[in-house]
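J.: Predicted model and sequence follow; I will ask about them next.
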Amino acid sequence: MNIYVIMKRTFDTEEKIAIENGEISDDGVNFIINPYDEYAIEEAIKLRDDNDGEVTVVTVGEEEAEKELRTALAMGCDKAVLINNEDVEDYDQFSTTVILAKYFEDKEYDIILGGNVTMDNGTGQIGPRLAEKLGIAHVSTIVDLKLKGEKLTVERDAEGDAEVIEVSLPVIVTAQQGLNEPRYPSLPGIMKAKKKPLEVLELDDLDLDEDDAEGLTESVEVFLPPEKAAGKVLEGDMEDQVQELVKLLRTEAKVI
């Protein structure tokens, strides 16, 4: 069984976001595997162990992403692929989809897993966009997965409810929190990861021109949310507080 995981390198969730010259600054920032992609990696490894096969983790990014790919290999993935996107201008979700679709064009795959969203952009577009380009099914927000032959039974989170779907392979599924508990890389796993294959590809290797992957999204402005004003504490008896609250809602919040 050929299992792939599409992974992204993102800011550590503990990092404080800073804006410099109209762009998000990454100076001194610690990067990690996108947390939702960790669920996909864990599920891919479990599928491999239960059904035989191979897990390949793929990321589109700059050369620094090799660190996160090695972490995925230490977790238990068999191979890793880094597709260098440094020459693509105005990079966005369209760019990622075009590059991944070109990569998978000549690959044999049964299941492609990824995180439901990324912690930086949070669009949740890559899974469905890639499935559309590859002409295969896609199921999002999965919280349970069972494989039987060529059929995959998936339970997905449907805004607090549960939806069960049966789908034929090949398929793309994107993982939601609750699917599993991702493992930590063990010391033996870290040592083995150093010897596992990590392939670095340029766009030329995919017969893809930079212009073909140029982003379609225009960023008008990048800014942090405004600081929250201090809250107000209403005083007096209940009737006075209600009258003051109504007045503030009308004159300051302007919601009534």
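T.: Right, received. Where do you want to start? Residues are numbered from 1 along each chain as shown.

J.: doesn't residue 124 make contact with residue 117?
T.: Yes: counting by Cβ atoms under 8 Å, residue 117 does reach residue 124; the two are 4.4 Å apart. Placement of C-beta: from N, CA and C, glycine included.

J.: neighbour count winner among the two?
T.: residue 117 (22 against 18; other Cβ atoms under 10 Å).

J.: Enumerate every residue touching the more buried one.
T.: 36, 123, 124 (Cβ atoms under 8 Å, 6 or more residues apart in numbering).

J.: Inside helices: which ones of those?
T.: residue 36 (DSSP state H).

J.: Among the contacts of residue 117, which one sits closest to residue 173?
T.: Among the contacts of residue 117, residue 36 lies closest to residue 173 (Cβ to Cβ), at 11.9 Å.

J.: Surely that closest one and residue 119 touch.
T.: Yes: using Cβ under 8 Å, residue 36 is in contact with residue 119, at 7.4 Å.

J.: okay, those two: which has more neighbours?
T.: Neighbours were counted for residue 36 and for residue 119 using other Cβ under 10 Å; residue 36 has more, 24 against 17.

J.: Helices of this protein, residue ranges please.
T.: Going by DSSP H, the chain shows helices at 35-51, 66-75, 93-104, 126-134, 187-193, 238-251.

J.: which residues sit against the lengthiest strand in the chain?
T.: Identified as the longest strand of the chain according to DSSP state E is strand 137-148. Residues outside strand 137-148 that contact it (Cβ under 8 Å, 6+ apart) are 43, 47, 50-51, 111, 116, 124, 127-128, 130-132, 152-158, 162, 165, 167-168, 171-176, 178-179.

J.: Those residues in strands, which ones?
T.: Those of those lying in strands (DSSP E): 111, 152-158, 162, 165, 167-168, 171-175.

J.: Next, count neighbours for the nearest residue to residue 79 once chain neighbours are set aside.
T.: Spatially, and ignoring its direct neighbours in sequence, residue 79 is nearest to residue 56 (4.5 Å; Cβ to Cβ, 6 or more residues apart in numbering). Other residues lying near residue 56 total 20 when counted by other Cβ under 10 Å.

J.: quick one: residue 165 from residue 110, how far?
T.: The gap separating residue 165 from residue 110 is 17 Å, by Cβ to Cβ, to the nearest Å.

J.: wait, residue 190
T.: For residue 190, the distance to residue 110 - Cβ to Cβ - is 28 Å.

J.: what does residue 161 give?
T.: With distances taken as Cβ to Cβ, residue 161 is found 28 Å from residue 110.

J.: repeat for residue 244
T.: Going from residue 244 to residue 110 by Cβ to Cβ gives 64 Å.

J.: So these two - more neighbours on which side?
T.: Set side by side, residue 244 and residue 110 show more neighbours around residue 110, with 17 against 14, by other Cβ under 10 Å.

J.: Would you mind confirming that that one makes contact with residue 170?
T.: Yes: with contact defined as Cβ under 8 Å, residue 110 counts as touching residue 170 (5.5 Å).

J.: Since that was my last question, I'll sign off now.
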